[in-house]
Each structure stands twice: as structure tokens, then as C-alpha cells.
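[1] no FASTA, just this:
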């Protein structure tokens, strides 16, 4: 794997640089950690494994699995996993890397099944001496990275649903990684990210394989701090500190894909959030070396309040939501819509639906379950038909419906309701509140005050309370603006 950072950046952060103490002769290597920055620690013959490799780890099925760590420079390294044996030599910086051959998943009889774990043994040899590191109870299944800011990092113990789900969380084959891997039990599940746990629980119930969730989110952080910095780039330290301690130690661990819930700290970026999302996704994919792995993200939920006398909208989070919608143009991405579950405060309590909606993307796109609709209606195109505009959607093949949603319960159809936060633009540029009529999978929009319409907006505002446009699979339509920002 190529070095991640330039020489200058290594030195400035005291993270990857190696140094020799002139007084002690001890060789040091930097440790990447959430304690940022962290002093260098001495290299020893005893192998020091990369963060993903310890007891209770989960390895990705059906992919080569890189294994890495540090020992003395030029030491011989023997890695054993089941019947696989790999031999390599540590580099001059003490780092060693091997790749395990692809392996099938450990099959589960139920989500409560506890399969026999595998053992990873790393033996290092130098100067006639040898040391060994053993990692036990490793399972092979599906691994996902879960990152972002506070709405991702909210713990399951704070939003547990359904009733008794925390007390019943006996899932020996589900693990989450913070500093170490933790097996999900009723005592440990409360500390797992809520969204990632709900996502993983849904995947495991459908796939019956082990699930590994690499949790790496930090409250209050902007997207800039999560960017991968290519060699030669000189970032501002305070803006780029999250990738280094949170993501870099995980880079290369074989995984299926990533989940991302962030944007609250970048609301003022509006449409400029799109190039940042593009850079984030392309940067992570590039450094991981797994091609265009799946990247599924959450569109920002409602928060605060919106004026009711401004049909033009465009206030608050409207533009950044539109940028997130446009990020679907990046290959192999998906977006969980959360416009119907917001609250006046920043952190919506309902993380349950968010986790399930992310899981739908994975189950449909990555696990072949095409009968599971991945998303609510997403604006596709529109046609002007006289004094009306016909709006067409992706993911509305089974039809549209109006519905009311109460907390985390499924939406209930309300066919006689009107559609709030729907507006239409006249040829002269003025905006007017509009009426919508469902025609199968299309929405026909009009206003008695507009004879020559040119554009439509739906829920294009900070907090569009009462959003009620869904597909018949019970998933909400994303806010949209047919004429752009």
C-alpha cells in the first residue's frame, strides 16, 4: 500500500514518521489513534497489529483480506489463519502486510447463533528470537464502515427501538469496532451507534452471516476534516484531523461499503457540498483500493421551522439536501431520505427508520434482493402539459401515495389529504403554492394562479412539517426542485 501522507505532513502531525533516538538507540514508530496526536512508541519484535485485528474481529467474505502490523525492521513474519499460511518480511519502517485469500462467510442458523470463531496467529522472528500475537474468535461475514458526525454517532442506548430490543440484543455474530471489536450483547449494544446497529441487525436477519460495523464518527465535524489528503497536499491541521485518527487506521481493511451521515456542520455550503462529497467518496475509494465500493448516505432531516408564506423556499437546508440528492450521480451511491422524521432540535430521535432505509440500499444493490425497494421516490424528470407539470420519479414503480407517519410506525395512507410544501413557478419567475394530483407513479402539479408553469418544488425548505408524499412501499419522497437550486 502506498504511503498516505507527504513527508512534511507526517512530520507535522508526528503520526507516521519514524525516528531514531540518538541517546537510547531505540527505534520508534508512530501510532495512529483517536488520541490525536499521540507520541511515537517503540518498535518491538512482538507484533503490534493494525486496529482491525484483535479478538472478535470480523473479516469480509469473498474478498482478499489484507492483514498488517508492525514489528522490528526486516523481521520475518509468519501469518496463519485456518489452513492459510503466509510469510513476509517487515519493511525498514517495521510494517508488514499480507493478504489472506478470499473466504466464504460463516453461516448462521439464526441471528442468535454463535459459530465457532477462527484464530489469526502472527509470529515474528529476528536475531534468533521469536514472538507471537494471537487473535481469537474471528468471524467471516459482511463488514461496513459507519462514519459522519453526531447523528451517526448517537448511541443505540439513547434511541433503542423496538421495545425490549436492547434487552434482547443477544447477537454473538454481530460486532462493532471502536478501538477494539466488541460482541453485541444486551450489556454492550447500548454503546454501539444506533444507525449502524439497526442497519447491521437488518442485514444479519436477512443474510444470516456475521456482521462487522466499523464505527468512526465525531460529533460536530465538517466534511473537510474527513477528506483523504493526497501526498503533496498541505491541509490546515484543524480542518483535517478526523481522517487521520478515525479513518486512516482502518484503510485497507476489506469491507463491503460505507455509510455516511453528515452535513449539519456544512449547511452553509449549499450546492458547494456536492464537490466536497465527490472528493470524499473518490478519496476514500482511491486509498482503499477496492474500486467503487458502495457508499450510502443520509439526506439531512428536517430541523427548526420554516416560513409558511414563502412558496419559493430555498431556505435553510434546502440547498444542501439538493446537493446530497445530486450526489446520487456518483457511481454506486444511495441516499436514505429522512425528511419525514425530523424534529425542531438537531438530533431526530428516530434513528430506527434511518438504519432500515440504509439497509434497503444494501440489500437491493449489494445482496441481490431486488424485491426490496431501495428508496422512496426520487425526482427523475418533468414535462410541462399546458397549465400543469407532470413530475416523474425513480423508485415509484408501484405507485405514489399520500400518507401520515407517526414516530417510527409505518406510514398510514391518507388518500384525501392535500400535499403541503408543493409550489409551482410561473413564466414570470414568481412562485405560488400548488396542488398535486397523483396519477399512478407520476405527480401532476398545478395552481389556479399559474397558466404557464416552468418549474416545481416540493419540501424545498428548512423544516417542511407534514411531508406526506410516499411510494406505496412506505418510503418518503425526497425534496426536489425541478429547476435547480
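    Received, thanks. Model, not experiment: these values are computed from the prediction. Numbers count the residues shown, from 1 in each chain.

[2] List the buried residues for stretch 418-432?
    By neighbour count on 16 or more other C-beta atoms under 10 Å, the buried set for stretch 418-432 is 419-426, 431-432. Where you see a C-beta, it was placed from the backbone N, CA and C, and this is true even at glycine.

[3] Please, where are all the strands along the stretch 201-350 of the chain?
    When assigned using DSSP state E, counting those that start in this stretch, the strands of the stretch 201-350 of the chain occupy the ranges 211-217, 257-261, 295-298, 333-336.

[4] Out of these, flag the one nearest residue 280.
    strand 257-261 (7.8 Å; C-beta to C-beta).

[5] where's residue 250 relative to residue 447, distance?
    Separation of residue 250 from residue 447 (C-beta to C-beta, to the nearest Å): 51 Å.

[6] related to what we said a few turns ago, save the strands of the stretch 201-350 of the chain as a markdown table, and put in mean neighbour count too.
    Output for the strands of the stretch 201-350 of the chain, formatted as a markdown table (neighbours: other C-beta atoms under 10 Å):
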| stretch | mean neighbour count |
| --- | --- |
| strand 211-217 | 27 |
| strand 257-261 | 27 |
| strand 295-298 | 24 |
| strand 333-336 | 24 |
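
[7] Quick one: those strands as JSON lines, columns for mean pLDDT too.
    Formatted as JSON lines, the strands of the stretch 201-350 of the chain follow (pLDDT from 0 to 100):
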{"stretch": "strand 211-217", "mean pLDDT": "98"}
{"stretch": "strand 257-261", "mean pLDDT": "98"}
{"stretch": "strand 295-298", "mean pLDDT": "98"}
{"stretch": "strand 333-336", "mean pLDDT": "98"}
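
[8] how about the buried residues of stretch 418-432, which pair is most distant?
    420 and 426 (20.0 Å).

[9] Direction-wise, compare the lengthiest strand in the chain with strand 211-217 and give the angle.
    The residue-count maximum for a strand in the chain (DSSP state E) belongs to strand 129-148. Angle of strand 129-148 versus strand 211-217, following axes from the mean of the first three to the mean of the last three C-alpha atoms, to 10 degrees, is 70 degrees.

[10] So which of the buried residues of stretch 418-432 sit within strands?
    Short answer: the buried residues of stretch 418-432 in strands (DSSP E) are 422-426, 431-432.

[11] want to try a markdown table for the strands of the stretch 201-350 of the chain, with distance to residue 280 as columns?
    As requested, the strands of the stretch 201-350 of the chain are arranged in a markdown table below (distance: least, C-beta to C-beta, whole Å):
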| stretch | distance to residue 280 |
| --- | --- |
| strand 211-217 | 13 |
| strand 257-261 | 8 |
| strand 295-298 | 9 |
| strand 333-336 | 11 |
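
[12] in the stretch 351-485 of the chain, what spans have low per-residue confidence?
    Applying pLDDT under 70 to the stretch 351-485 of the chain flags no residue at all.

[13] That one: strands as residue ranges?
    Using DSSP E, counting those that start in this stretch, strands in the stretch 351-485 of the chain cover 378-385, 388-394, 400-404, 412-413, 422-426, 431-433, 435-439, 442-446, 453-458, 469-471, 480-481.

[14] Comparing these, which comes out most buried?
    Of all the strands of the stretch 351-485 of the chain, strand 469-471 carries the top mean neighbour count, a mean of 26, counting by mean count of other C-beta atoms under 10 Å.

[15] Can you list the neighbours in contact with that strand?
    For strand 469-471, the external contacting residues (C-beta atoms under 8 Å, 6 or more residues apart in numbering) are 373, 376-377, 393, 395-396, 398-403, 411, 419, 436, 443, 458, 476-477.

[16] Next: stretch 304-323.
    Contacting residues not belonging to stretch 304-323 are listed as 263, 266-267, 269-274, 277, 299-300, 302-303, 339, 344, 421, 423, 425, 431-434, 457, 460-465, 478-481, 484-485 [C-beta under 8 Å, 6+ apart].

[17] Put together JSON lines for the strands of the stretch 351-485 of the chain, with distance to residue 43 on each row.
    Output for these, formatted as JSON lines (distance: least, C-beta to C-beta, whole Å):
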{"stretch": "strand 378-385", "distance to residue 43": "51"}
{"stretch": "strand 388-394", "distance to residue 43": "53"}
{"stretch": "strand 400-404", "distance to residue 43": "60"}
{"stretch": "strand 412-413", "distance to residue 43": "62"}
{"stretch": "strand 422-426", "distance to residue 43": "64"}
{"stretch": "strand 431-433", "distance to residue 43": "65"}
{"stretch": "strand 435-439", "distance to residue 43": "66"}
{"stretch": "strand 442-446", "distance to residue 43": "63"}
{"stretch": "strand 453-458", "distance to residue 43": "59"}
{"stretch": "strand 469-471", "distance to residue 43": "56"}
{"stretch": "strand 480-481", "distance to residue 43": "55"}
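
[18] Now do the same contact list for the residue nearest the centre of the chain.
    Among the residues of the chain, the one closest to the centroid is residue 259, at 1.2 Å (C-alpha atoms, centre = their mean). Counting by C-beta under 8 Å, 6+ apart, residue 259 makes contact with 144-148, 152, 195-196, 199, 296-298, 358.
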